[in-house]
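Participant: show me the folded form of this:
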Amino acid sequence: MSSFKIFDIAGSGMSAQSVRLNTVASNLANAESVSGSAETAYRAKHPVFEAVRAQLAAGQAGNNPSAAVQVTDIVEDSRAPEMRYQPGNPLANADGYVFAPNVNVVEEMVDMISASRAYQNNVEVLNTSKELLLATLRLGQ
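Facilitator: The predicted model follows:
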């Protein structure tokens with residue numbers, strides 16, 4: 001297995017965590033928006049990751065497998081929107097209720113911290129790999 005594949009693997013992890021951070025940011029940005037109906041209320045979004053392990057094409061570095069992380073889908077949370085009684089709100093329905101998103105701000109903040117740390121870990125893997133490859137090149141000096 002080539003030493004350079006580690007860069008592809010860590011890069012795919014960074015890309016996946018970037019998508020995760022973007023969905024968290026979208027969820028937090030819409031956490032306090034309200035709507036006049038449950039159908040039009042914002043629903044929290046979450047990425048679905050998949051580990052990919054595939055054989056390389058014949059002739060490319062033998063039959064060494066490659067690995068990566070890929071975002072296969074972004075799904076909406078199935079929980080119902082929260083009903084809030086706000087009869088003075090212009091978006092309120094006939095009963096005086098507005099519908100708030102099903103975004104749990106605490107869960108989103110924890111998810112954001114987790115994604116940020118995972119991203120940082122992938123950066124550290126890249127930096128360590130680079131340093132090890134450079135040290136290997138300096139062995140002949």
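Participant: tell me, how many residues neighbour Ala67?
Facilitator: Using other C-beta atoms under 10 Å, Ala67 has 15 neighbouring residues. Heads up, the C-betas are built off the backbone N, CA and C, glycines and all.
Participant: for the chain, which helix is longest?
Facilitator: Longest helix in the chain by number of residues (criterion: DSSP state H): helix 105-138.
Participant: how far is that helix from where the chain is centred?
Facilitator: 14 Å (C-alpha atoms, centre = their mean, to the nearest Å).
Participant: give me the buried positions along it.
Facilitator: Glu108, Asp111, Met112, Ala115, Ala118, Tyr119, Asn122, Val125, Leu126, Ser129 (16 or more other C-beta atoms under 10 Å).
Participant: find the nearest non-adjacent residue to the residue most central in space within the chain, please.
Facilitator: Central residue of the chain (C-alpha atoms, centre = their mean): Arg20, 1.4 Å from the mean position. Once flanking residues are discounted, Arg20 sits nearest to Ala115: 4.2 Å by C-beta to C-beta, 6 or more residues apart in numbering.
Participant: that neighbour: what's it in contact with?
Facilitator: Shown in contact with Ala115 (C-beta atoms under 8 Å, 6 or more residues apart in numbering): Gln17, Arg20, Leu21, Val24.
Participant: model confidence at the residue nearest to the centre of the chain, what's the number?
Facilitator: pLDDT, Arg20: 96.
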